[in-house]
Each structure stands twice: as C-alpha cells, then as structure tokens.
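Undergrad: Compute the structure for the input listed below.
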Amino acid sequence: MDASGKTVAQSRTEMTELALPGDSNPLGNILGGRVMHWIDLAAAMAAARHAGHIAVTASMDRVTFLNPVKVGQVVHLIAELTWVGRTSMEVQVEVTSEDLLTGQVQPTSTAYLSFVAMGLDGRPAPVPALILESALERERFRTAEIRRRERLDHREHSTKRSS
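TA: Residues are numbered from 1 along each chain as shown. Down below sits the predicted model:
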C-alpha cells in the first residue's frame, strides 16, 4: 500500500443478502427502506475501511430504484469510494438482484452516500488520499466533486431557509 493513500480496491465492500418475507410489502417486493439500510451498511464498511476510523453517515442522496427486489431473491451490493476530502468521503453503492431459479441478474438500485471519519474522541479525523488507478475511477472522482458542491449548496440554502 502506498503510504500516501489507499486505492478504491482496498476499501471495496461486497455484501450479499437474502430477501426475506419480513422485509417485504404486500406485493412481495422488498421495502425500499430495507434496501436503503443495506446500502448504508455496505457504504459505511467501505468508508471505515478506507479511513481506518469509524465512519458516520452524513447524507444519502441520489438513491435510484430501478427494479423491485422480490422475496426469495439474492441481493448483491458493491460499495466503492468515489471521492475523499480531508475528513469526508463519498461512496457509491450499486445493488443488483439475482433470481436463484433462473440465474437472472438485474440492477435494482444505485446510491451515493457521504461519510465523515470520526476519531475515538468523537471529532472528525483525517482520511488517506484516494489513489485513482483507472479512467473510470478518475471520472467517478470528477462527478463526485460535482455532487459534493451540489450537497454543500443545498445545505447552505436549507440553513438560510430555516433561519
């Protein structure tokens, strides 16, 4: 590992969940909130791996539900860092569902989450740089910077409205 940072691959997190009836609505689709919970867990693990600290969720945005997850399907989540700052990080989570009987895999959700690394003293902690190894990783970093600016603008406007 390069002492000046970590690669995307070093913190990549993959999770697999079985969609159970207790997580579904009356139509047999897994509740969006359950999928969001799994997304948050996968993203938090990737962020903590990168930071070497506990990582707390600062925001979840751009959650897109493309296709429903049905009871009995297997859900695969892949979480990868797309951007890091001094103490904050953005993680992209891609979710697919797999029908075990047919083998069909389809995209179900995509989300972007922001995290802040926290030291044991409860204060934000510095994180390693993100080493970008491919054109895709560089493009994801560039678009993550745009989303970060949008989040900061939104927070600023929300603060002004509540004052």
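Undergrad: Could you use CA atoms for every contact and neighbour count after this?
TA: OK.
Undergrad: Spell out the secondary structure type for residue 147.
TA: Three-state call for residue 147 (DSSP: H, G, I helix; E, B strand; the rest coil): helix.
Undergrad: Surely residue 30 touches residue 19?
TA: Yes: Residue 30 lies in contact with residue 19 (C-alpha atoms under 8 Å); the separation is 6.7 Å.
Undergrad: Would you mind listing the residues touching both of those two?
TA: 69, 70, 71 (C-alpha atoms under 8 Å, 6 or more residues apart in numbering).
Undergrad: how about the host helix or strand of residue 154: buried residues?
TA: Assigned by DSSP states H and E, residue 154 belongs to helix 135-162. Within helix 135-162, the residues scored as buried using 16 or more other C-alpha atoms under 10 Å are 137, 140, 141, 144, 145, 147.
Undergrad: does residue 76 sit in a helix, a strand or a coil?
TA: Following three-state DSSP, residue 76 is assigned to strand.
Undergrad: Excluding chain neighbours, what is closest to residue 81?
TA: Residue nearest to residue 81 in three dimensions, not counting chain neighbours: residue 91, with 4.3 Å by C-alpha to C-alpha, 6 or more residues apart in numbering.
Undergrad: What pairs with the helix or strand hosting that neighbour, parallel or antiparallel?
TA: Element membership for residue 91, per DSSP H and E: strand 88-98. Paired neighbours of strand 88-98 in the sheet (DSSP bridges): strand 74-84 (antiparallel), strand 105-118 (antiparallel).
Undergrad: and among these, the most buried is which?
TA: strand 74-84 (a mean of 24; mean count of other C-alpha atoms under 10 Å).
Undergrad: So what touches that strand?
TA: Strand 74-84 is contacted by residues 8-9, 11-19, 38-39, 42-43, 46-47, 69, 89-100, 127-130, 137, 140-141, 144-145 when judged by C-alpha under 8 Å, 6+ apart.
Undergrad: Return a ChimeraX selection command for the buried portion of those residues.
TA: This is how ChimeraX selects the buried members of the contacts of strand 74-84, with burial counted by 16+ other C-alpha under 10 Å:
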select :8,11,12,13,14,19,38,39,42,43,46,47,69,89,90,91,92,93,94,95,96,97,98,99,127,128,129,130,137,140,141,144,145
